[in-house]
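A.B. asks: Structure for this input, please:
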Amino acid sequence: MSPFDTAEIGHTDLLVTRLGFGGAPLGGLFESLDEATAQGTVLAAYDSGVRYYDTAPFYGHGTGEMRLGSVLRQYPRDSFTLSTKVGRVLVPAQGTIDDNSYRDTLDYNPVFDLSPDGIRRSFESSLERLGVDRIDIALLHDPDDHFDEAIESAFPTMVRMREEGLTYRATYILVCNPGGEILLQQRSAGKDMYPGYYDAVAGGVVQAAESYEDSAARELEEELGIAGVPMERLFDFYFEDPDNRVWGRAYRCLHDGPLRLQAEEIDAAFFCPIERVLEGDFLPLTPDSHYALRCYHSQLSYR
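C.D. replies: Model prediction:
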């Protein structure tokens, strides 16, 4: 039996390699770890065939999740299974960082919170730190001394979250040319959601401790190679469908120069009139970018 063979988790359709990656050392457990070594370790694990990765907010008080996510985001999301943990929330350290044997901590301290709000905040913050659009497995971390809360509060909340899905923050950047056309981007076949569909926007998940504005600038450069252009903030919105719940902030920028497409994310890109894009018989659009584009078009109609 190979350690890189896959096994199914319980009665789910989740597959993990029998050998997984434990993320505690990425938080500097017992001794500090430089960024290059941390990233190189995750890269080596993936290159070797490891496809199950586990982390937690506790690991480096957030550092472990951020380091792991910075590497895993390079790969197709469906190519690995990711777990993190709930039960602790990270609060500002107020000058003194707790000694939990981690040497590369962020300026936060972990505090047990098994309340419904605490479980949700922990999970949503992990999504932001990891910078991914989903977490496959949520584990309750160290509930040994909190048995009653775990049974009465944490586990029922986790069940409800699994049933209802979760909300995250994301940016939506409409890239326009001087003629008012918008840039359409065809999603790569390796995308876990809507492969081959078209996005009417650039953008992505807002990471931990990152503002919407910084996230928009980062995504624009990563996905399209556009940097240093002014962005106009347009509007905030909430979008929900069976596959997606997101608080979005929309921006617009003008660009008429060359593009550098992120190969693992985008197969092609071209400008097109907005009215043509919104016609029902045109190319298939991702639902959330379609919604953002319709909101933008409605604003134009009232100007």
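
A.B. asks: quick one, helices of the stretch 1-150 of the chain?
C.D. replies: 35-48, 63-72, 116-130, 147-149 (DSSP state H, counting those that start in this stretch).

A.B. asks: Please, which helix or strand holds residue 295?
C.D. replies: helix 287-301 (DSSP states H and E).

A.B. asks: before we move on, back to that, make a markdown table out of the helices of the stretch 1-150 of the chain and add distance to residue 271, mean pLDDT and mean neighbour count.
C.D. replies: For glycine as for every other residue, the C-beta is placed from the backbone atoms N, C-alpha and C. A markdown table is the format used below for the helices of the stretch 1-150 of the chain (distance: least, C-beta to C-beta, whole Å; pLDDT from 0 to 100; neighbours: other C-beta atoms under 10 Å):
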| stretch | distance to residue 271 | mean pLDDT | mean neighbour count |
| --- | --- | --- | --- |
| helix 35-48 | 36 | 97 | 15 |
| helix 63-72 | 32 | 96 | 25 |
| helix 116-130 | 32 | 87 | 20 |
| helix 147-149 | 54 | 95 | 12 |
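
A.B. asks: Tell me which of these lies nearest to residue 193.
C.D. replies: Among those, helix 116-130 comes nearest to residue 193, with 14.7 Å by C-beta to C-beta.

A.B. asks: okay, the angle between that closest one and helix 63-72?
C.D. replies: Between the axes of helix 116-130 and helix 63-72, defined by axes from the mean of the first three to the mean of the last three C-alpha atoms, to 10 degrees, the angle is 50 degrees.

A.B. asks: And helix 116-130, what does it pack against?
C.D. replies: If you count contacts as 3 or more C-beta pairs under 8 Å, 6 or more residues apart in numbering; DSSP states H and E, helix 116-130 packs onto helix 63-72, strand 81-86, strand 88-92, helix 155-164, strand 168-176.

A.B. asks: For the residue lying closest to residue 287 once chain neighbours are set aside, give the beta-bridge partners.
C.D. replies: In space, and not counting its chain neighbours, residue 287 is closest to residue 241: 5.3 Å by C-beta to C-beta, 6 or more residues apart in numbering. As for beta bridges, residue 241 partners with residue 244 under DSSP bridges.

A.B. asks: send the alpha carbons of the helix holding residue 295 over as CSV?
C.D. replies: Extracted C-alpha coordinates of helix 287-301, given in CSV (Å, rounded to 0.1, in the frame of the first residue of the first chain):
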residue,chain,number,x,y,z
PRO,A,287,-23.6,33.5,-11.6
ASP,A,288,-22.0,35.9,-9.2
SER,A,289,-20.1,37.9,-11.9
HIS,A,290,-23.3,38.0,-13.9
TYR,A,291,-25.1,39.5,-10.9
ALA,A,292,-22.3,42.1,-10.4
LEU,A,293,-22.4,43.0,-14.0
ARG,A,294,-26.2,43.5,-14.0
CYS,A,295,-25.9,45.7,-10.9
TYR,A,296,-23.2,47.8,-12.7
HIS,A,297,-25.3,48.0,-15.9
SER,A,298,-28.3,49.2,-13.9
GLN,A,299,-26.2,52.0,-12.4
LEU,A,300,-25.1,53.1,-15.9
SER,A,301,-28.8,53.2,-17.0
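
A.B. asks: what's next to it, contact-wise?
C.D. replies: Contact with helix 287-301 is made by 170, 172, 174, 182, 194, 198-201, 234-235, 237, 239, 241, 243-244, 246, 248, 250, 252, 274, 277-278, 285, as judged by C-beta atoms under 8 Å, 6 or more residues apart in numbering.
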